[in-house]
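# What follows is a protein structure lacking sequence information:
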């Protein structure tokens with residue numbers, strides 16, 4: 001049988017009208033979510049994805065492309081998502097506004113593609129426009145759009161709706177070439193996010209309604225047609241599971257038993273349905289319930305069973321209900337918690353694509369029920385609902401303004417959780433607000449005593465406050481709980497260095513860099529300790545490793561130059577000092593050291609009296625308010641190299657007087673040796 005909706009005659013709008021509607025849809029998305037451009041990066045994953053990721057920070061490069069396709073960084077394999085982040089850095093640098101703008105634009109593109117894909121599938125424009133509008137403006141979209149790390153959602157969605165559009169074209173006129181396009185788009189979508197592993201099943205569902213090919217060709221033939229798609233998603237599923245397992249993101253069966261996961265999956269489905277209808281108290285994190293949930297799980301199973309029975313009963317008269325329901329359930333399978341990734345009970349972002357199925361079913365049902373109502377009724381209801389959703393989404397975007405706002409909202413509207421206390425504590429500690437940070441971190445440890453990150457954060461905060469004993473206890477506990485986390489190892493190294501245990505500190509830094517080769521702090525401190533032991537070649541290697549990550553850190557450039565000088569590689573040292581002076585033209589230390597080398601080096605090719613005088617005079621002038629005897633001695637050596645011996649004598653005498661006046665007899669004695677050379681019209685040469 002055919003639904004009342006399908007019996008209605010609908011005149012397809014002109015291309016111009018369809019274009020205007022699509023443009024208005026995109027404009028609505030840009031206005032609703034445009035506030036994301038004023039949001040900062042957040043502590044939630046953005047450092048791993050962008051801020052502290054050296055491959056992403058470097059923009060687009062062949063090495064970066066290779067890394068994107070071979071890395072399981074952050075327990076994910078999504079090469080196209082990495083490349084999109086790299087492009088953002090290429091275009092916008094590390095300014096968050098550009099990164100957010102890209103996500104908003106991609107969401108707008110997804111909304112327009114959703115409209116045209118559904119229209120092509122169903123042959124009905126206005127209901128498709130209603131689905132696209134309600135999908136695009138719903139507050140559950142905010143997390144995917146306003147969170148830079150969820151770029152994979154909006155990017156993957158573009159490919160998803162393109163797949164539906166391509167499959168609709170294939171259904172109209174089947175051919176291998178059109179099916180190949182579906183396969184290519186599916187591959188690209190999986191490279192953005194493996195959420196699309198259930199797409200072949202969804203395409204089969206769509207063959208029943210709205211395409212109706214199942215009646216003509218049979219399910220077996222249609223399933224065989226999609227074997228290449230099933231093979232592709234099987235491969236993607238294996239790769240994703242391996243990457244997430246190796247990254248430590250997959251919870252073990254012992255931690256979360258299968259029976260609990262299945263029951264919780266039912267509860268999460270019901271929660272998503274409630275949030276779709278009544279999106280209240282949305283936040284970034286919902287903790288996983290560990291116990292006392294049997295009644296809720298039972299009610300959820302009963303509710304889902306009742307809905308399933310209802311849509312099956314209506315499958316002939318209102319086939320769209322079954323399609324929408326299977327779309328919703330099927331696309332939730334990868335993220336519903338049967339394979340538990342992370343500690344969250346559910347997440348707003350997981351509804352991004354599954355929600356389209358429920359929205360489609362509800363819109364088609366409303367149109368069916370309103371078929372005899374005045375023609376203005378359905379558009380008015382749609383626009384009213386869209387306006388309410390848009391207002392709430394617009395307000396919710398502001399909660400992503402920064403990490404503090406985000407996590408404080410999670411504590412205010414959600415259940416108390418160790419993760420949110422730990423995250424808020426870390427943010428406050430980074431801002432220097434140690435007292436409230438320690439309160440949150442201690443509460444996190446109380447709620448979850450085996451939470452490694454909370455122990456690590458508390459240890460770091462106590463270390464900053466100077467409580468070394470307490471810091472050591474929590475840092476060591478963090479390492480016991482999660483030996484693969486490099487940060488507690490690094491902080492333990494800082495603690496041991498403060499205690500004077502330099503051997504232990506060096507071992508901790510080396511453990512850090514073995515776990516995380518991109519930890520510039522560990523490389524830099526290890527380099528310093530290696531230099532103190534006279535292992536200059538190893539120290540230089542560590543300084544250079546640190547600078548790959550922090551390329552413009554002035555102190556790293558300075559110590560690299562000093563180490564090169566001690567190794568006798570003076571030409572390379574001067575190049576490093578020149579870089580330092582380009583970054584900081586008034587750096588007195590760099591000016592003085594270059595002037596000293598140019599004035600006193602035994603190799604004539606390295607000396608340049610005029611350049612030495614110019615730099616030494618600049619250093620002296622910068623310190624005119626508080627003269628430095630070493631700088632004056634360098635100026636004297638530079639003047640002597642330039643043949644200006646009377647001036648060299650005067651500068652050296654000033655250096656001696658200043659050294660004696662500041663209680664530096666050893667310096668004064670060394671400067672007197674230089675003075676004798678200058679009085680005899682002889683320049684100073686390094687030995």
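It's in. Here the structure is a predicted model, which means the values were calculated and not measured. Numbering: from 1, shown residues only.
# hey, which helix is longest across this structure?
Longest helix in the chain by number of residues (criterion: DSSP state H): helix 96-122.
# The helix or strand following it - what's its average pLDDT?
Counting by DSSP states H and E, the element after helix 96-122 in chain order, helix or strand, is helix 125-137. The average pLDDT for helix 125-137 rounds to 97.
# elements contacting the next helix or strand along the chain from helix 125-137?
Counting by DSSP H and E, the next helix or strand C-terminal to helix 125-137 is helix 142-146. Other helices and strands packing on helix 142-146, by 3 or more CB pairs under 8 Å, 6 or more residues apart in numbering; DSSP states H and E, are helix 15-33, helix 96-122, helix 151-172, helix 377-397. Any C-beta I mention is one placed from the backbone N, CA and C, and that applies to glycine too.
# can you put those helices in JSON lines and add distance to residue 504 and mean neighbour count?
Below are these laid out as JSON lines (distance: least, CB to CB, whole Å; neighbours: other CB atoms under 10 Å):
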{"stretch": "helix 15-33", "distance to residue 504": "50", "mean neighbour count": "16"}
{"stretch": "helix 96-122", "distance to residue 504": "39", "mean neighbour count": "22"}
{"stretch": "helix 151-172", "distance to residue 504": "41", "mean neighbour count": "23"}
{"stretch": "helix 377-397", "distance to residue 504": "47", "mean neighbour count": "16"}
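# follow-up on the earlier one: which elements pack onto the longest helix of the chain?
Packed next to helix 96-122, using 3+ CB pairs under 8 Å, 6+ apart, are helix 15-33, helix 79-92, helix 125-137, helix 142-146, helix 151-172.
# Kindly calculate the angle that that helix makes with helix 377-397.
Interaxial angle, helix 96-122 versus helix 377-397 (axes from the mean of the first three to the mean of the last three CA atoms, to 10 degrees): 160 degrees.
# now helix 96-122: how far from the chain's centre is it?
21 Å (CA atoms, centre = their mean, to the nearest Å).
# Give me the angle between it and helix 151-172.
20 degrees.
# Of the helices and strands packed on helix 96-122, which is nearest residue 579?
helix 79-92 (21.9 Å; CB to CB).
# Quick check: buried residues in the closest one?
Using 16 or more other CB atoms under 10 Å as the test for burial, helix 79-92 gives 79, 80, 81, 82, 83, 84, 85, 86, 88, 89.
# which stretches of the stretch 301-450 of the chain have low pLDDT?
Along the stretch 301-450 of the chain, the model assigns pLDDT under 70 to residues 337-343.
# all strands for it, in order.
344-346 (DSSP state E, counting those that start in this stretch).
# Would you mind giving the domain segments of this protein?
16-256+351-397, 416-483, 492-585, 593-687 (automatic domain parsing).
# What separation do you get for residue 414 and residue 670?
66 Å (CB to CB, to the nearest Å).
# about what we covered before: out of the helices and strands packed on helix 142-146, which gets nearest to residue 519?
Nearest to residue 519, of these and by CB to CB, is helix 96-122 at 23.3 Å.
# what angle separates the closest one from helix 79-92?
130 degrees.
# Now helix 96-122: average pLDDT?
98.
# My guess is residue 643 contacts residue 609. True?
Yes. With contact defined as CB atoms under 8 Å, residue 643 counts as touching residue 609 (7.0 Å).
# Those two: which is more packed in?
Ranked by neighbour count (other CB atoms under 10 Å), residue 643 and residue 609 place residue 609 first, with 18 against 11.
# May I have the residues that are in contact with the more buried one?
598, 599, 638, 641, 642, 643 (CB atoms under 8 Å, 6 or more residues apart in numbering).
# measure it to residue 574 for me?
With distances taken as CB to CB, residue 609 is found 15 Å from residue 574.
# re the thing from before, I'd like the helices and strands packed on helix 142-146 laid out as CSV, including distance to residue 216.
Output for these, formatted as CSV (distance: least, CB to CB, whole Å):
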stretch, distance to residue 216
helix 15-33, 28
helix 96-122, 16
helix 151-172, 10
helix 377-397, 31
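# and residue 483, which of those is closest to it?
It's helix 151-172; of the helices and strands packed on helix 142-146, that one is closest to residue 483 (CB to CB) at 28.6 Å.
# And the contacts of the helix or strand just after that closest one?
Using DSSP H and E, the helix or strand that follows helix 151-172 towards the C-terminus is helix 176-192. With CB under 8 Å, 6+ apart as the test, helix 176-192 has contacts from 78-81, 84, 152, 155-156, 159-160, 162-163, 166-167, 169-170, 196-197, 199-200, 203, 225, 228-229, 232-233, 236.
# let's go with 6 Å and repeat that
The contact list for helix 176-192 (CB atoms under 6 Å, 6 or more residues apart in numbering) reads 78-81, 152, 155-156, 159-160, 162-163, 166-167, 169-170, 196, 199, 228-229, 236.
# Same question for stretch 100-113.
With CB under 6 Å, 6+ apart, stretch 100-113 has contacts from 22, 25-26, 29-30, 33, 36-37, 39, 88, 132, 136, 145, 151, 154-155, 157-158, 161-162.
# Let's see that with 8 Å instead.
Contacts for stretch 100-113 (CB under 8 Å, 6+ apart): 22, 25-26, 29-30, 33-34, 36-37, 39, 84, 88, 132-133, 135-136, 141, 144-146, 148, 150-151, 154-155, 157-158, 160-162, 165.
# and what of stretch 566-579?
Residues contacting stretch 566-579 (CB under 8 Å, 6+ apart): 531, 536-537, 540, 557-558, 560-562, 564-565, 590, 593-594, 597, 601, 603, 606.
# related to what we said a few turns ago, make TSV from the helices and strands packed on helix 96-122 and add distance to residue 619 to it.
Listed next are the helices and strands packed on helix 96-122 as TSV, based on distance: least, CB to CB, whole Å:
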stretch	distance to residue 619
helix 15-33	53
helix 79-92	37
helix 125-137	61
helix 142-146	49
helix 151-172	48
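# so which of those helices comes closest to residue 545?
Of the helices and strands packed on helix 96-122, nearest to residue 545 by CB to CB is helix 79-92, at 21.2 Å.
# Okay, now the unreliable bits of the chain?
Judged by pLDDT under 70, the stretches of the chain that qualify are 1-11, 247-261, 289-295, 337-343, 687.
# Now do the longest helix of the chain against helix 125-137, angle only.
150 degrees.
# relative to helix 15-33, how tilted is helix 96-122?
Going by the same axes, to 10 degrees, helix 96-122 makes 140 degrees with helix 15-33.
# any idea how far residue 504 is from residue 525?
For residue 504, the distance to residue 525 - CB to CB - is 12 Å.
# Settle it for me: which of these two has more neighbours?
Between residue 504 and residue 525, counted using other CB under 10 Å, residue 525 has the larger neighbour count: 22 against 15.
# The more buried one: what's it in contact with?
Neighbours of residue 525 in contact, by CB under 8 Å, 6+ apart: 493, 494, 497, 505, 509.
# how about a cut-off of 6 Å?
residue 509.
# Name the next helix or strand downstream of whatever helix or strand it lives in, please.
Assigned by DSSP H and E, residue 525 belongs to helix 520-532. Following helix 520-532 in sequence order, the next helix or strand is helix 536-549 (DSSP H and E).
# what packs against that following helix?
helix 520-532, helix 554-566 (3 or more CB pairs under 6 Å, 6 or more residues apart in numbering; DSSP states H and E).
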